[in-house]
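# missing the sequence, but the structure's below:
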């Protein structure tokens with residue numbers, strides 16, 4: 001029988017371990033999920049959260065499971081570092097204080113803290129006591145890129161759950177099996193979503209996101225002939241299109257708040273409003289990261305053609321654009337363009353405005369590939 005753990009794609013050992021833990025009631029108070037980006041850690045965290053709140057252990061058919069899956073349940077809290085280089089001490093103190101409050105709807109609360117490898121010593125010190133002895137109705141799920149990058153004082157207080165890297169070919173095969181998409185389109189979706197199978201499934205369902213990918217690629221293809229103002233206009237247009245899905249998120253949030261307004265007290269409403277703010281921030285970052293993933297995929301295809309290995313091209317539907325770019329540049333220049341994408345991602349991680357980073361990245365890519373249109 002299907003359950004929420006079936007959503008944990010590509011990680012059979014993790015899926016079996018978590019399912020067994022819930023069924024045997026051997027759930028602990030704190031977990032550390034460690035693995036590379038795209039290894040399905042976040043989906044696994046929400047699956048475990050649903051199983052802990054659902055009266056049937058994660059049936060995947062009730063309202064509770066459905067709300068957790070949509071990230072709309074008020075007792076499942078997701079956090080991402082708010083500081084330029086990681087979690088702020090004030091942010092951690094807010095999480096600790098929030099953990100002391102009673103659940104809003106369920107019997108338990110689940111806290112999911114992403115990029116816990118960006119938790120510094122000072123912030124960790126504010127968190128350790130709660131992590132070691134949280135309230136009885138609280139479960140903490142911490143997500144990090146590697147176990148070694150997480151402070152030992154954090155690791156020692158958690159059950160470690162390692163996630164393996166899912167090769168792109170395997171991820172595409174899983175996606176194809178789950179959605180019915182042909183293998184070539186599945187590879188494009190995986191590349192466009194940074195390797196995430198869950199995000200790729202949503203990507204394939206959205207005509208808007210598929211059209212957005214084409215816009216990004218057309219913008220990159222136009223850089224060779226673009227002047228400074230063309231690049232600025234193109235970058236601004238992509239920024240607007242990237243944010244378009246946020247309008248739907250805001251509408252859904254407003255509807256949820258209206259439904260709960262007369263049922264909950266002011267403190268509970270404030271918690272929902274905070275969750276909405278975090279959700280918008282996370283969705284905005286997700287949309288921007290998709291621009292970077294699509295850009296990297298296009299440039300890797302250009303590099304493949306420059307290197308004489310066109311059979312490695314993923315974005316088959318824009319092969320003409322790839323060939324045009326490759327004919328006007330070379331391997332070294334394309335490698336520098338890919339480095340510009342990496343620097344852009346790094347800058348955003350330090351809280352630089354995504355719009356500013358996008359402007360700069362497009363100029364740098366054009367300069368790297370063609371030696372033209374530096375901002376003047």
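Yes, it's here. A quick note: this is a predicted structure, and the numbers were derived from the prediction, not measured.
# who does the longest strand along the chain pair up with?
If you go by DSSP state E, the chain has its longest strand at strand 138-144. Partner strands and pairing direction for strand 138-144 (DSSP bridges) are strand 30-34 (parallel), strand 109-113 (parallel).
# so of those, which one's packed in deepest?
The highest average neighbour count among these, using mean count of other CB atoms under 10 Å, belongs to strand 109-113 at a mean of 25. For glycine as for every other residue, the C-beta is placed from the backbone atoms N, C-alpha and C.
# which other residues reach it?
Residues from elsewhere that reach strand 109-113, judged by CB atoms under 8 Å, 6 or more residues apart in numbering: 42, 45-46, 48-49, 52-53, 75-79, 87, 95, 99, 103, 119, 137-143.
# quick one: low-confidence parts of the protein?
The model of the chain has pLDDT under 70 over residues 84, 263, 372-376.
# returning to what we had before: so which of the strands paired with strand 138-144 is nearest residue 327?
For the strands paired with strand 138-144, the distance to residue 327 is smallest for strand 30-34, at 43.1 Å, taking CB to CB.
# buried residues, stretch 341-358. List them.
Judged by neighbour count using 16 or more other CB atoms under 10 Å, the buried positions of stretch 341-358 are 341, 344, 347-348, 354-355, 357-358.
# and the end-to-end length of it?
End-to-end distance for stretch 341-358: 9 Å, by CA to CA, to the nearest Å.
# got a list of contacts for that stretch?
For stretch 341-358, the surrounding residues in contact (CB under 8 Å, 6+ apart) are 83-85, 235-236, 238-239, 284-285, 288-289, 291-292, 295-296, 299, 360-361, 364-365.
# report the buried members of those residues.
The neighbour-count test (16+ other CB under 10 Å) marks 235, 238-239, 284, 288-289, 291-292, 295-296, 299, 360-361, 364-365 as buried among these.
# so which of these would you say is closest to residue 182?
The nearest member of the buried ones among the contacts of stretch 341-358 to residue 182, counting by CB to CB, is residue 296 at 22.5 Å.
# the closest one contacts residue 337, doesn't it?
No: under the criterion of CB atoms under 8 Å, residue 296 makes no contact with residue 337, lying 9.5 Å away.
# pull the distance from the longest strand of the chain to the chain's centre.
Offset of strand 138-144 from its chain centre (CA atoms, centre = their mean, to the nearest Å): 16 Å.
# how about stretch 52-63?
24 Å.
# got the contact list for residue 201?
The contact partners of residue 201, taken as CB under 8 Å, 6+ apart, are 175, 178-179.
# same question, residue 257
Per CB under 8 Å, 6+ apart, neighbours of residue 257: 269, 272-273, 276.
# of those, which is the nearest to residue 218?
Nearest to residue 218, judged by CB to CB, of the contacts of residue 257 is residue 276 at 33.4 Å.
# surely the closest one is within a strand?
No: the assignment for residue 276 is helix, going by DSSP: H, G, I helix; E, B strand; the rest coil, so no strand is present there.
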